[in-house]
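**Student:** sequence unavailable; structure follows:
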């Protein structure tokens, strides 16, 4: 419980507002770690493939997943698949063992009918929703048995291709900015261009 409390408090500072979906993500992430028997990722030991989309509570859910698992966009070990599902797969890169976690459909449907979500649908910002509405829902998420709202797959194997970090840069021949070499494009004239300059070059 102490770990959950610490992650939730840190998550509030990171996420910026109190809402039910962020702690849902923390609980889901912790359940995935437990299922694989692994610790929070410090570097790229773990990879998250989030099936979430844009423009709804999924973003809050993903922030919670990142808090719990240590997979972040900065470390490039989380990828958003934009399936529009409140689900993700956690992969242990050392062993290839993986588990998929999703919110139970009936739980999600009830959550989307909650007073908090009704306020959000009406255009009220999450930080402006009364604590009388938000607090009970958040506390419920933090104390609810995981089996009441999460579906976990059996552990399966998911091998990921091993990449190599690139620390080499060259200057774009058009704008002069330094670009990591794996993102340079060769123009029809043989010049190495960054992606924006390459796209502009094609329009000419």
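**Tutor:** That came in fine, so what should we check first? What you are looking at is a predicted structure, and each value in this text was computed from that prediction instead of being measured.
**Student:** distance of the residue nearest the centre of the chain from residue 8?
**Tutor:** Nearest to the geometric centre of the chain sits residue 62, at 3.6 Å (C-alpha atoms, centre = their mean). Noted for residue 62: a distance of 16 Å to residue 8, by C-beta to C-beta, to the nearest Å. For glycine as for every other residue, the C-beta is placed from the backbone atoms N, C-alpha and C.
**Student:** the residue nearest to the centre of the chain touches residue 50, doesn't it?
**Tutor:** Yes - because the distance of 5.3 Å satisfies C-beta atoms under 8 Å, residue 62 is recorded as touching residue 50.
**Student:** mutual contacts of those two, please.
**Tutor:** 78, 80, 88 (C-beta atoms under 8 Å, 6 or more residues apart in numbering).
**Student:** any idea of the pLDDT on the first one?
**Tutor:** The predicted local confidence for residue 78 comes out at a pLDDT of 96.
**Student:** residues near residue 70, how many?
**Tutor:** 21 (other C-beta atoms under 10 Å).
**Student:** and for residue 25?
**Tutor:** 32.
**Student:** so what's the closest residue to it other than its chain neighbours up against?
**Tutor:** Spatially, and ignoring its direct neighbours in sequence, residue 25 is nearest to residue 64 (2.2 Å; C-beta to C-beta, 6 or more residues apart in numbering). Taking C-beta under 8 Å, 6+ apart, we find residue 64 in contact with 11, 15, 21-29.
**Student:** which is the next helix or strand following the helix or strand containing residue 64?
**Tutor:** Using DSSP states H and E, residue 64 sits within helix 58-69. Counting by DSSP H and E, the next helix or strand C-terminal to helix 58-69 is strand 78-80.
**Student:** which elements pack onto that next one?
**Tutor:** strand 46-50, helix 58-69 (3 or more C-beta pairs under 8 Å, 6 or more residues apart in numbering; DSSP states H and E).
**Student:** rewinding a little: against residue 176, how distant is the residue nearest to residue 25?
**Tutor:** Counting by C-beta to C-beta, the gap from residue 64 to residue 176 is 41 Å.
**Student:** three-state assignment of the residue of the chain most remote from its centre?
**Tutor:** What lies farthest from the middle of the chain is residue 189; by C-alpha atoms, centre = their mean that is 40.2 Å. Taking DSSP: H, G, I helix; E, B strand; the rest coil as the rule, one finds residue 189 in the coil state.
**Student:** check contacts around it.
**Tutor:** With C-beta under 8 Å, 6+ apart, residue 189 has no contacts at all.
**Student:** now do the phi/psi pair for it.
**Tutor:** Main-chain torsions, residue 189, degrees, to the nearest 10: phi -90, psi 10.
**Student:** which parts of this structure are strands?
**Tutor:** Using DSSP state E, the strands of the chain run over 46-50, 78-80, 87-92, 97-103, 150-152, 156-157, 169-171, 178-180, 185-186, 192-193.
**Student:** for the fifth one, name the packing helices and strands.
**Tutor:** Under the contact criterion of 3+ C-beta pairs under 8 Å, 6+ apart, the helices and strands touching strand 150-152 comprise helix 21-36, strand 97-103.
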